[in-house]
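Student: With the sequence up front, the predicted model follows.
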There are 2 protein chains.
Amino acid sequence: MQSSTRKERTQFRQRQILDAAVAAFAEKGFYKTRVSEIARRAGVADGTIYLYFKSKDDILISLFEVRMEEVLQVIHEALLDCTDAEQRIHEFFRLYMSIIDRDPALAEVITIELRQSDKFIREYENPKFKELLRYLASIIGDGQREGIFRSEIDPRLTARAIFGALDEVTLAGLFAKRPLESSRMARSLSELFVQGLR
Amino acid sequence: MQSSTRKERTQFRQRQILDAAVAAFAEKGFYKTRVSEIARRAGVADGTIYLYFKSKDDILISLFEVRMEEVLQVIHEALLDCTDAEQRIHEFFRLYMSIIDRDPALAEVITIELRQSDKFIREYENPKFKELLRYLASIIGDGQREGIFRSEIDPRLTARAIFGALDEVTLAGLFAKRPLESSRMARSLSELFVQGLR
DNA sequence: TAAAAATGAATGAGCGTTCATTCGGTGCCG
DNA sequence: CGGCACCGAATGAACGCTCATTCATTTTTA
């Protein structure tokens, strides 16, 4: 660590604390998680947290920004290869579920705390989440222009519905604890929607 | 009130407190709502709350039981008239959204605090919610037996997806604040699913 | 060896819950 | 019928505990 730049070290510490926070929030939820618990998991002192984040709230918000950005990045890149909207929908489901599959703690935080954040800090707009929805809506819009999806469908409404379905199913999977078979589930769900959209 | 029986008075008070709690939770969320705030809204003293509920947690749980029971009741009754599964799906969407439409506070609590409750008190199973899902799954199963829905669909998975979609769209509507046009939205969503299920 | 980073004990505000006290209605008694 | 005793419901001030946050001090870095 001593050979790294100041900026690198700061990023490293932030990451370390955010990772600890994701794990802790996933286990207990935001309100039941103590700042001292996050500190313990991150292997730093309580006070250190406050050198990197303004407040406990700020941790949650940063967490969304950083992690959602990563999710968006992965999905966006992967869908570049797809030839049509239908394929992109399928891929979207598959990818989203596999990301969640690989990082269940993240899933919990997104699913549960995302809801809270709406109430949580009214002025926090959750721009990354909006971006995800916009992206999904744009896929549907593309499909309509390609002529493979019905034109009377509202892309934004449907995007929300799709996200809701994915999110709920994901959440259910988390609590079920059994092997998820997420790729099979993803396929069967995207089939349902694609069929419905046509 | 003096002419009512003890039991009636108790129920009245409980209802009064639960109504206040729904409103308060909807506005601030469970954790940010003070017990004293619920008391104020209900027009009773802080201590009175504890004559009717064991704890703040208990208020939230009772709230689910009571309100969800009502929702289930309404839906169940209304769907008795339907002739086939497809119609029942349409009606389910329409009814759920109209109930939510009429009582936005309830929607918020169901949507947001339901998520939390999974974390909230691990041992709370939320039986009423499970019943709703089971009911939805049974409609889909019926449709398969009637031969109008594809047989390779998993009813339980799909029930979850449907609930998730409804729930998310509902939530989005709440924050949008504009007139919901909920019946049009409900129809267009149920169309999507029915089409997908066929 | 000066500056930056990290520490963790101390602080105190916030809030769920309790409980000694008050209130109001009911029925009993003279 | 009027006054009185009783009881359960309601009250709300006070309690005590739980943390998020701070900051004087120590440790590390360059």
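Tutor: Structure's in. What do you need? Numbering: from 1, shown residues only, chains lettered A, B, ... in the order given.

Student: and chain A, which residues reach DNA strand C?
Tutor: Listed as neighbours of DNA strand C in chain A under the rule CB under 7 Å from any atom of the strand: A:6, A:9-10, A:13, A:43-48, A:50-51. The C-beta positions use only the backbone N, C-alpha and C, and glycine is treated the same way.

Student: how about the helix or strand in which residue A:61 is found against DNA strand D, any contact?
Tutor: In the assignment (DSSP states H and E), residue A:61 maps to helix A:56-79. Yes: using CB under 7 Å from any atom of the strand, helix A:56-79 reaches DNA strand D at A:56-57.

Student: For the helix or strand following that helix, buried residues please.
Tutor: Following helix A:56-79 in sequence order, the next helix or strand is helix A:85-102 (DSSP H and E). Along helix A:85-102, these residues count as buried under the neighbour rule (16 or more other CB atoms under 10 Å in any protein chain shown): A:85-86, A:88-97, A:99-101.

Student: Residue A:143 in helix, strand or coil?
Tutor: helix (DSSP: H, G, I helix; E, B strand; the rest coil).

Student: if I pick the spatially closest residue to it that is not a sequence neighbour, what's in contact with it?
Tutor: Nearest residue to residue A:143, sequence neighbours excluded (CB to CB, 6 or more residues apart in numbering or on different chains): residue A:85, at 3.1 Å. By CB atoms under 8 Å, 6 or more residues apart in numbering or on different chains, the residues touching residue A:85 are A:139-140, A:142-143, A:146, A:148-149.

Student: Please work out how many residues are found near the residue of chain A found nearest DNA strand C.
Tutor: Closest to DNA strand C within chain A is residue A:47: 1.6 Å, counting by CB to the nearest atom of the strand. By other CB atoms under 10 Å in any protein chain shown, 9 other residues sit near residue A:47.

Student: again, but for the one 5 residues further on
Tutor: Neighbours of residue A:52 under the rule other CB under 10 Å: 19.

Student: Is it in contact with residue A:18, as I believe?
Tutor: No: using CB atoms under 8 Å, residue A:52 is not in contact with residue A:18, being 9.1 Å away.

Student: Can you show me the helices along chain A?
Tutor: Applying DSSP state H to chain A gives helices spanning A:6-28, A:35-42, A:46-52, A:56-79, A:85-102, A:104-108, A:114-120, A:127-146, A:155-176, A:182-197.

Student: Can you find the helix or strand of chain A with the lowest average pLDDT?
Tutor: helix A:114-120 (a mean of 61; mean pLDDT, DSSP states H and E).

Student: quick check: domain ranges of chain A?
Tutor: Listed by automatic domain parsing, the domain ranges of chain A are A:1-53, A:56-197.

Student: so of the ones you listed, which one's packed in deepest?
Tutor: domain A:56-197 (a mean of 18; mean count of other CB atoms under 10 Å in any protein chain shown).

Student: mind checking how far it is from the chain centre?
Tutor: 7 Å (CA atoms, centre = their mean, to the nearest Å).

Student: Between the two ends of that domain, what distance do you get?
Tutor: 42 Å (CA to CA, to the nearest Å).

Student: What ranges in chain A fall below the confidence cut-off?
Tutor: A:1-4, A:6, A:114, A:116-124, A:175, A:177-180 (pLDDT under 70).

Student: and which of the contacts of residue A:85 is nearest to DNA strand D?
Tutor: residue A:139 (38.9 Å).

Student: ok, now which ones touch that closest one?
Tutor: Contacts of residue A:139 by CB under 8 Å, 6+ apart are A:79, A:85, A:88-89, A:92.

Student: Tell me the one among the buried residues of helix A:85-102 nearest to chain B.
Tutor: Distance ranking of the buried residues of helix A:85-102 against chain B, using CB to the nearest CB, places residue A:93 first at 10.6 Å.

Student: Check whether the closest one really touches residue A:186, as I assumed.
Tutor: Yes: counting by CB under 8 Å, residue A:93 sits close enough to residue A:186 to count as a contact (4.3 Å).

Student: my guess is residue A:53 meets residue A:59, correct?
Tutor: Yes: Residue A:53 lies in contact with residue A:59 (CB under 8 Å); the separation is 4.9 Å.

Student: joint contacts of the two?
Tutor: residue A:17.

Student: I appreciate the help and will end here.
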